[in-house]
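Enquirer: Okay, sequence plus prediction incoming.
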Amino acid sequence: MIKQIEGGVTAAKGFMAAGVEAGVKYKNRKDMAMVYSTMPCVAAGTFTSNVVKAAPVLWDKKIVEESPYVQAVVVNSGIANACTGKQGMDCCAAESRCAGELLGIPEEAVLVASTGVIGMQMPVDRLQEGIRKLVQEKSDSLAAGLEAAQAIMTTDTLPKQIAVEVTIGGRTVTLGGMCKGSGMIHPNMCTMLGFLTTDVCISKEMLQKALRADVVDSFNMISVDGDTSTNDTLLVLANGLAGNEKITAEGEDYDTFCEALHFVTTYLARKMAGDGEGATALIEAKVIGAACKEDARILAKSVICSSLTKAAVFGHDANFGRILCALGYSGVQFDPDQVDLYFQGKNGKMHIFGDGTACDYSEEEATRILSEPEVTILADMHMGDGEAVAWGCDLSYDYVKINADYRS
């Protein structure tokens, strides 16, 4: 049984965090974070599929694949360290070397991540001073975890964190996480910066397997604006302090861990989608009755990626034709006359399309449902047992305003 508890990345045994103001780009706000484990961790990661990869992505891929263990992650917001050439990679090395020296661990045990404006070179001196502050202020308190989650925000309007407990092998295992993401959000692996910590004892191979399988139905199923970032990074650190028998193969313990992992990643994915730049509503697209699981994923993603559907939800307009259009150009074959469409909110469900034509529904009631902060669009394809859920947000005037002024 999964139990949600207070906190984020510091909830699991042995993990510390901090968030400080370093002046990387912003003024008068926290803009650097650190996550640190008192014990070496096995690490797993998934990264952007964008051909243009930021320096920290290249650095972390190498560390995750080749380093025997990891103990710390250093993150900055404001500048992405993307499209920065050799100087960008040198910056990653300088950050890892500085953190390693101050923490007393190898630089190969330090991961780095950046988010913000693409193309700007990094102020290495400010980053190193920020790292010194982070090392001094790191703590295992829940408040420190929250400060770290706040420090990685860019255009996010709120910090995103969660922690859960499960029982594995008779031991209480904790898994916590934080992420940031509001714009340039379109999944093709996972889309954002995300950091998960757990005290479970698990092999590196099984941790990577669990993470790779999970993102398909969590972070890969969200979109805000259709833009896949250069910096997308999801990292999981596991230090084994829960004391469970080591998970080295599939089985009951592995399945329990995967369930907890999915609970955390889905929670964070929904939080990102609902906090999309300028958003006023979270849109959930649920497809049932598809011919197969993959078809359901494609159909659901097509709906939440449709700018016209997003605009209709923003205007509280029950324009179901935009949803059918998005389903129709998804590339999945189906019979439109067999599709049933519904709008669903906290206080009701409405059948809006079926048997190839509009249902007799109340426009006023539809507007009420579409005015709620969370709106579900349900499509029953009546073709099989494939199901999938995707999450996005509405498209408001403020999205353009935010991105027109992003560099200033």
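Expert: Noted; the coordinates are in hand.
Enquirer: Confirm that I63 sits in a helix.
Expert: Yes. With DSSP: H, G, I helix; E, B strand; the rest coil as the criterion, I63 is assigned to a helix.
Enquirer: Look up how far V57 lies from the nearest residue to it once chain neighbours are set aside.
Expert: The shortest distance from I63 to any non-neighbouring residue, by CB to CB, 6 or more residues apart in numbering, is to L111 (5.6 Å). The C-beta positions use only the backbone N, C-alpha and C, and glycine is treated the same way. Per CB to CB, to the nearest Å, L111 is found 11 Å from V57.
Enquirer: what do you get for D125?
Expert: In terms of CB to CB, D125 sits 23 Å off from V57.
Enquirer: before we move on, what about L158?
Expert: From L158 to V57 the distance is 25 Å (CB to CB).
Enquirer: Show the backbone phi and psi for I168.
Expert: When read as degrees, to the nearest 10, the backbone of I168 gives phi -130, psi 120.
Enquirer: quick check: longest strand of this protein.
Expert: The strand that spans the most residues within the chain, counting by DSSP state E, is strand 32-47.
Enquirer: helices or strands up against that strand?
Expert: strand 15-20, helix 55-66, strand 70-79, helix 124-137, helix 142-151, strand 193-198, helix 204-214, strand 233-238 (3 or more CB pairs under 8 Å, 6 or more residues apart in numbering; DSSP states H and E).
Enquirer: Please name whichever of those is nearest to A312.
Expert: With CB to CB as the measure, strand 193-198 is the member of the helices and strands packed on strand 32-47 nearest A312 (29.8 Å).
Enquirer: what separates the closest one from the chain centre, distance-wise?
Expert: Here strand 193-198 is found 9 Å from its chain centre; the criterion is CA atoms, centre = their mean, to the nearest Å.
Enquirer: Mind listing residues that contact it?
Expert: 9-12, 15, 35, 37, 73, 75, 113, 115, 152, 173-181, 219, 231-239, 242, 261, 264-265, 268 (CB atoms under 8 Å, 6 or more residues apart in numbering).
Enquirer: Partner strands of it and their direction?
Expert: Within its sheet, and counting by DSSP bridges, strand 193-198 is paired with strand 171-180 (antiparallel), strand 233-238 (parallel).
Enquirer: Most tightly packed of the ones you listed?
Expert: The highest mean neighbour count among those, using mean count of other CB atoms under 10 Å, belongs to strand 233-238: a mean of 28.
Enquirer: Can you name the element that comes right after it?
Expert: Using DSSP states H and E, the next helix or strand after strand 233-238 towards the C-terminus is helix 252-274.
Enquirer: name the helices or strands packed onto that following helix?
Expert: strand 160-168, strand 171-180, strand 193-198, helix 204-214, strand 282-290, strand 386-393.
Enquirer: Under a three-state scheme, what state does E364 occupy?
Expert: Following three-state DSSP, we place E364 in the helix state.
Enquirer: need the contact list for it.
Expert: Going by CB under 8 Å, 6+ apart, E364 touches no other residue.
Enquirer: pLDDT wise, what is the nearest residue to V216 once chain neighbours are set aside at?
Expert: Distances taken as CB to CB, 6+ apart place R297 nearest to V216, at 7.8 Å, with adjacent residues excluded. Reading off the confidence values, R297 has pLDDT 97.
Enquirer: Now do R297 against G386, distance only.
Expert: R297 is 8 Å from G386, where distance means CB to CB.
Enquirer: which one of those two has more residues nearby?
Expert: Counted by other CB atoms under 10 Å, R297 and G386 do not tie: R297 has more neighbours, with 23 against 20.
Enquirer: The more buried one in helix, strand or coil?
Expert: helix.
Enquirer: pretty sure it is touching V389, no?
Expert: No. Counting by CB atoms under 8 Å, R297 stays clear of V389, with 9.0 Å between them.
Enquirer: intersection of neighbour lists for the two?
Expert: 217, 221.
Enquirer: circling back: who touches the residue nearest to V216 in this structure?
Expert: The contact partners of R297, by CB under 8 Å, 6+ apart, come to 216-217, 221, 388, 390.
Enquirer: dump the residue contacts of W391.
Expert: 221-222, 269-270, 273-274, 282-285, 304.
Enquirer: what's the answer for Q121, then?
Expert: Counting by CB under 8 Å, 6+ apart, Q121 makes contact with 79, 84, 87-88, 91.
Enquirer: Among these, name the ones in helices.
Expert: 87-88, 91 (DSSP state H).
Enquirer: ok, and the most crowded of these?
Expert: Result: C91 is most packed of the ones in helices among the contacts of Q121 (other CB under 10 Å), 25 neighbours.
Enquirer: I figured that one was touching V124, is that so?
Expert: Yes. If you go by CB under 8 Å, C91 and V124 touch, sitting 5.5 Å apart.
Enquirer: What is the burial count for E252?
Expert: For E252, using other CB under 10 Å, the count is 10.
Enquirer: ok, now E165?
Expert: 18.
Enquirer: Then Q128?
Expert: Neighbours of Q128 under the rule other CB under 10 Å: 17.
Enquirer: Please apply the same query to K27.
Expert: 8.
Enquirer: Which helix or which strand is home to it?
Expert: Applying DSSP H and E, one finds K27 in no helix or strand.
Enquirer: which residues sit in contact with it?
Expert: Not one residue lies near K27 by CB under 8 Å, 6+ apart.
Enquirer: What of A242?
Expert: 12-13, 168, 171-174, 198-201.
Enquirer: Report the separation between the nearest residue to C92 once chain neighbours are set aside and S77.
Expert: Leaving aside its sequence neighbours, C92 sits nearest to W59 (CB to CB, 6+ apart; 4.1 Å). According to CB to CB, W59 stands 17 Å off from S77.
Enquirer: so which of the contacts of R297 is the most crowded?
Expert: A390 (28 neighbours).
Enquirer: sorry, back to before: neighbour count for D125 and V57, which is higher?
Expert: V57 (26 against 9).
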